[in-house]
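Engineer: let's see this in three dimensions:
(2 chains)
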Amino acid sequence: MTYLPFSRRAGAAALAGLMLTAAPAALMAETPADTLVVAAAIDDIVSLDPAEAYEFSGLDMVNNVYDGLVEINPTTLELEPGLAESWSVAEDGMTYTFKMKAGVTFASGNPVTAEAAAWSLQRAVKLNKTPAFILNQFGWAADNVDAMIMGAGDTLTIKVSKPFAPTFLYNCLTAGVASIVDAETVKAQDVAGDMGNEWLKANSAGTGAYVLKGFKPNEGLILEARPGYWRGDAKLKNVFIQHIPEAATERLQLEKGDVDVARSLTPTDVEGMTGNADVKIQSDVGGQVYYMAFNQKNENYKNAKFLDAMRYAIDYQGMADTIMKGAVIPHQAFLPQGYLGALDDLPYALDLEKAKALIAESGITDPTIKLSVRNSADRIDVATSIQNTFGQAGIKVELDVGEGADQLKAYRARTHDATLQTWGPDYPDPNTNSSTFAENPDNSDEANNTGYLAWRNAYDPGEMTAKSQAAALEQDSEKRKAIYAELQKTHRETSPFIVMFQQARQTGLRAGVEGFYTGGAVDAAAYWLATK
Amino acid sequence: MTPFLKQTGSTLFSLALTFLGLLIVTFIIARVVPVDPVTALLGERATAAQIAEMRARLGLDDPIWRQFGIYLWDVAHFDLGTSIRSREPVLSEVARYFPATLELSTLATIFGVLFGVPAGVLGATRPGSIFDQFTRLFGLIGYSMPVFWLGLIGLLVFYGQLGWVGGPGRLDSAYQMAFEFNVTPVTNMILIDTALAGEWEMFANAISHIILPAGILAWLSMAYISRMTRSFMMNELGQEYMTTARVKGMSEARVIWVHGLRNTMVPLITVIALSYAYLLEGAVLTETIFAWPGLGRYITDALLIGDMPAVLGGTIVVGCVYIGLNMVSDILYRLADPRAR
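Structural biologist: Below is the predicted model:
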C-alpha cells in the first residue's frame, strides 16, 4: 500500500527519538566527592526552626546546624560540654550556672554569648511550639522565663522550679529545642513578633558544622560546611538529603552509587544486598519500644498470674529473627537501650508449659483477648504470631485491625481491651518514658490523663508514681540510675504492659563511607564526621 | 447572540455548577472520612485541653453549614486553607507541586499521542496484520500491568542494569544541588527552568530523569489512545465518503491521514483530554517510585497523615484541571466539527 513510506518515516523518527533520549545518560554524574548524598524519607519535616522541629528528619538537620549548651558525643553517645564549657549547680539544686565557651562564633561571625544563649531558650519557651514542653517541665513559662534564664558576659544563670535531678536538666538541654540560635541575626528577621520563626523554617543561624543552603519540602535539603566549627570542621563540604520515600528505590540508588547513604531500607532490601561488596550495612538501635498493653477495666488483667502467663507466651526472639528480620531487637524494659538506667537483660522467653501452668493457677478459664492492631503489615505479622503462641498456651486472641488514628482514639478513651503499640521517647532522659509508663497520678475517668500510658490502660502503678517522680528529683546520678532500674523491674513484673522489642536501624552505606552516626536511641544523626 | 456564544455561555454555566458540585462533594468527603484532623495535628501526646482548643481554632465545633459557608468564601478568595503538616498555604504548596506533575503528564501525553494515533490508524488500515497484533498486545500490556511494577522494573533495567537513564528524582544529586544554587525557578518545571537558565548540561540530565517515568505513563496513555483511534478509524474506513475520495483518485495516504483522521478527530480529542486528565491526577504511584515531587504524591502523603486541607486543596485543583480540560476539548471539538458550531 502507498502509506508505507510514511510508516518508514515514522519508524525513523521514533528511532531518532529513542537515540536522543538515551544520549543524555552518558552525561550522568557520580555523587560529587565533596558531598555526602543521603536518601531518606523526609516528608515528616514540619519546620527547621530548632524551637519547632520535633520530627526525626527535622531534628537530624538541627543536630548538624545548631548546638546546645550540653551536647551528646555522636560516637560515644555520652554527655559532653557543648557551647557551655563548664557548669555547676547551687546547694539548693535550683540554680545552675553555665560558663560559656570562649571564641565560638555563629555562622554569621557573631560571637556566642550568654545573652544569645538566654534569648534562645527564652524564645523556645515563648514560641511554645510542640517541643517546648521539654523545657517547660522545669517550671518555665512565657511570663517567667526572662527572670529564670539570664545571661551576662560569659555566664548563663538558669533557675528551675524544683530541685530536679541535674542529669534531667542536662539531658533535656541536649534536645533540639534547647539549641542556641544567633540572637542578633534571628531578631532581625522578626515578622509580627514571631521571633524569626517563619524565617528559620528555611534558613539557619547556628553554631553547627553546617549551614542550611536550601530546603524544599518533600524534595530535599542542602547543607554546606562552614569553616571554624568548634568541634573541628566537617570532613565533607556538602550534605544533600534527598527525599526518596520508596525503600526499593533507595536501595537501587545506593547499589548504583547515586547516593552514599540510604536511611529507610526495609529488612528485605538489606537482605537483598548481601554479597554486594560496594555496599555495607550499619546496624544500631533507635529509641522506639514495641509493647502490648492490657486495659485493667477488664478485671482479668489485674490477675498477676495471668499477666505472667502472657509474658511467657510470646516468642520474642523468634519474631525478631523472622518476621521483623532485623527491624527490632528483643527488649523487655520501658527504657530503651542507651538511656540512663535502661535494663538490657531479657528475663522472659517463650515457655508454653509455664504459661499454661500459670493460667491454671490464675483461675481464669477460657481467657479471650481482643487485641487492637493498626493496619500495617509488620504490626499484623507480630499480632498474628502472638495470636498463635497465645492460642497454644490456651488464650484465645481476636484481632481487631484498624486505622492507626482510630485506634489511638479508642486507646486514649480507654475503650480498648488490649493493644499492640509503639512508643518513642520525647527527649534523651529516662523521665520521658518513666513518667508515662510508670506514673498515673489520678486513675479516674474524669482525670482524662491521656498523656500517661498507665492511665490509658486504667492502671494504677501504686507507689511507682511517687518513686518515678522522686527519680526526676534525685541529685545523685548513680542513685537515680538505680531507681530507674528498680522501676523497670517492678513494672515489667507487675504492670499490664509487656515491652517486647526495641527498634533497630539498618542504614545502608556505600563501602567507602566512614563516620556516619545515626545518634542511636538518644540523639539525632551527625554528618560532620562522615568521610567517603 | 450567535449560537456559538450561546453555547459557550451555557457551557460556562454548567462548568460553574460542576465546580460547585465538586466543592460540595470534597467538603463532605473531608468531613466524613474517619480521620480526625486534630489527632493528626497534635499527635499522641496532646492533652484534652489542647485538643479542645485546636478544635475551636479549626472551627470544627461550628455547625456544618457554617463551616461550608466559610469554606466557600475562602475558596472564592483563592484561599485553599493552610496545610496541617507544613502550616504553609495550600495554594502555594500546590503551585509548587503541580508543575512537576504537569510537566510529566504533558510529556507523557505528547508521546502517547505521537505513538498512539499513528499506531491506531495503521492498525485500523491493516487489521489482523502482525503490526496490528503487536500494537494491540503492546497496548494490552501497558494497560494491564500495574504501573508500580512497571516503574520498578523500568528502573531496575534501564537505570540499574543498563544505565541508560537517570534514576529517581528530577536530577542527579550533583545537578540537583547546582540547580538549587544557580537556577531561579520560574515555572517549577525542570525542563523549562533549566532551559531558561541556559544550563544545558542540567537540561540534558533532567531529560535523562524524566524520560523513564514519562515513557511509562506514555505507554499507559498510548495503549488507550491507540485502541480508541483504531476503533474510530475502523468506523470511518467503512464510510461512503472514503470510497468517494478514493474514486476521486486521491492517494491512499491522503484518504486515510487527511480525510479519515480528520473525522476521527472529534471523538479523539475527548479521548486524549481524558487520558491527559487521568495522568494529571493518576500519577501517584509513578511519582512515588520515581521520587517525583508532584501533586499526586502530595495529595497521597497528605491523606496518609490526615492533612485534610491539603487533600481538599489538591483535589480541587485536580477537579479544576478536569473541568478545564473538558472545556478545552469542548471548544476544540467545535472547531474540529463545523456542525457543532
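Engineer: can you count the residues close to A:Gly220?
Structural biologist: Close neighbours of A:Gly220, defined as other CB atoms under 10 Å in any protein chain shown, add up to 25. Just so you know, the C-beta spots here come from the backbone N, C-alpha and C atoms, and that holds for glycine as well.
Engineer: quick check: closest non-adjacent residue to it.
Structural biologist: Using CB to CB, 6 or more residues apart in numbering or on different chains and skipping the chain neighbours, the partner closest in space to A:Gly220 is A:Gln242 (4.6 Å).
Engineer: and the one you found, helix, strand or coil?
Structural biologist: The three-state label given to A:Gln242 by DSSP: H, G, I helix; E, B strand; the rest coil is strand.
Engineer: pLDDT score for B:Ser92?
Structural biologist: In the predicted model, B:Ser92 carries a pLDDT score of 87.
Engineer: what's the neighbour count on it?
Structural biologist: Residues within reach of B:Ser92, counting by other CB under 10 Å, total 11.
Engineer: would you agree the residue nearest to A:Gly220 is in contact with A:Leu36?
Structural biologist: No: look at A:Gln242 against A:Leu36 with CB atoms under 8 Å: they stay out of range, at 10.9 Å.
Engineer: more neighbours: the two, which one.
Structural biologist: Just comparing A:Gln242 and A:Leu36: by other CB under 10 Å the higher neighbour count belongs to A:Leu36, 28 against 24.
Engineer: which residues touch the residue nearest to A:Gly220?
Structural biologist: Taking CB atoms under 8 Å, 6 or more residues apart in numbering or on different chains as the contact definition, A:Gln242 lies against A:37-40, A:219-220, A:259, B:169, B:173, B:176, B:291.
Engineer: output those as TSV; include the columns pLDDT and secondary structure.
Structural biologist: Converted to TSV, the contacts of A:Gln242 look like this (pLDDT from 0 to 100; DSSP: H, G, I helix; E, B strand; the rest coil):
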residue	pLDDT	secondary structure
A:Val37	94	strand
A:Val38	95	strand
A:Ala39	93	strand
A:Ala40	93	strand
A:Glu219	81	coil
A:Gly220	86	strand
A:Val259	92	coil
B:Gly169	85	coil
B:Ser173	78	helix
B:Gln176	80	helix
B:Ala291	84	coil
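Engineer: what is the nearest of those residues to A:Thr432?
Structural biologist: Within the contacts of A:Gln242, distances to A:Thr432 taken as CB to CB reach their minimum at A:Ala40, with 24.1 Å.
Engineer: count of residues packed around that closest one?
Structural biologist: Here the neighbour count serves as a burial measure; for A:Ala40 (other CB under 10 Å) it reads 23.
Engineer: and for A:Ala413, the neighbour number?
Structural biologist: Residue crowding around A:Ala413 was assessed by other CB under 10 Å; the count is 12.
Engineer: show me where the stretch 51-200 of chain B has helices.
Structural biologist: Listed from the start of the chain, the stretch 51-200 of chain B has helices (DSSP state H, counting those that start in this stretch) covering B:64-76, B:90-125, B:130-144, B:147-154, B:173-182, B:190-196, B:200-237.
Engineer: actually the stretch 201-350 of chain A, sorry about that
Structural biologist: Read by DSSP H, counting those that start in this stretch, the stretch 201-350 of chain A holds these helices, from start to end of the chain: A:247-256, A:267-272, A:304-311, A:316-321.
Engineer: same check on the stretch 401-532 of chain A?
Structural biologist: Ranges of helices within the stretch 401-532 of chain A are A:404-412, A:431-438, A:453-456, A:464-471, A:477-494, based on DSSP H, counting those that start in this stretch.
Engineer: so which of those helices comes closest to B:Leu279?
Structural biologist: helix A:404-412 (30.9 Å).
Engineer: show me how chain A divides into domains.
Structural biologist: A:35-239, A:285-503 (automatic domain parsing).
Engineer: quick one: average pLDDT of the longest one?
Structural biologist: The average pLDDT for domain A:285-503 rounds to 94.
Engineer: Three-state assignment for the spatially most central residue of chain B, please.
Structural biologist: Central residue of chain B (CA atoms, centre = their mean): B:Leu280, 1.0 Å from the mean position. Reducing the assignment at B:Leu280 to three states with three-state DSSP gives helix.
Engineer: same deal with A:Pro32?
Structural biologist: Local secondary structure at A:Pro32 is given as coil here, using three-state DSSP.
Engineer: still on that earlier bit, can you list the helices of the stretch 401-532 of chain A in TSV and add mean neighbour count and distance to chain B?
Structural biologist: Below are the helices of the stretch 401-532 of chain A laid out as TSV (neighbours: other CB atoms under 10 Å in any protein chain shown; distance: least, CB to the nearest CB, whole Å):
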stretch	mean neighbour count	distance to chain B
helix A:404-412	19	5
helix A:431-438	26	9
helix A:453-456	25	10
helix A:464-471	19	17
helix A:477-494	18	20
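Engineer: just put these in CSV and tack on distance to A:Cys172.
Structural biologist: Formatted as CSV, the helices of the stretch 401-532 of chain A follow (distance: least, CB to CB, whole Å):
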stretch, distance to A:Cys172
helix A:404-412, 25
helix A:431-438, 9
helix A:453-456, 20
helix A:464-471, 14
helix A:477-494, 14
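Engineer: out of those helices, nearest to A:Asp190?
Structural biologist: That would be, of those and by CB to CB, helix A:431-438, which comes in at 31.9 Å.
Engineer: helices or strands up against the closest one?
Structural biologist: Contact analysis of helix A:431-438 by 3 or more CB pairs under 8 Å, 6 or more residues apart in numbering or on different chains; DSSP states H and E lists strand A:418-423, helix A:453-456, helix A:464-471, helix A:477-494 as its packing neighbours.
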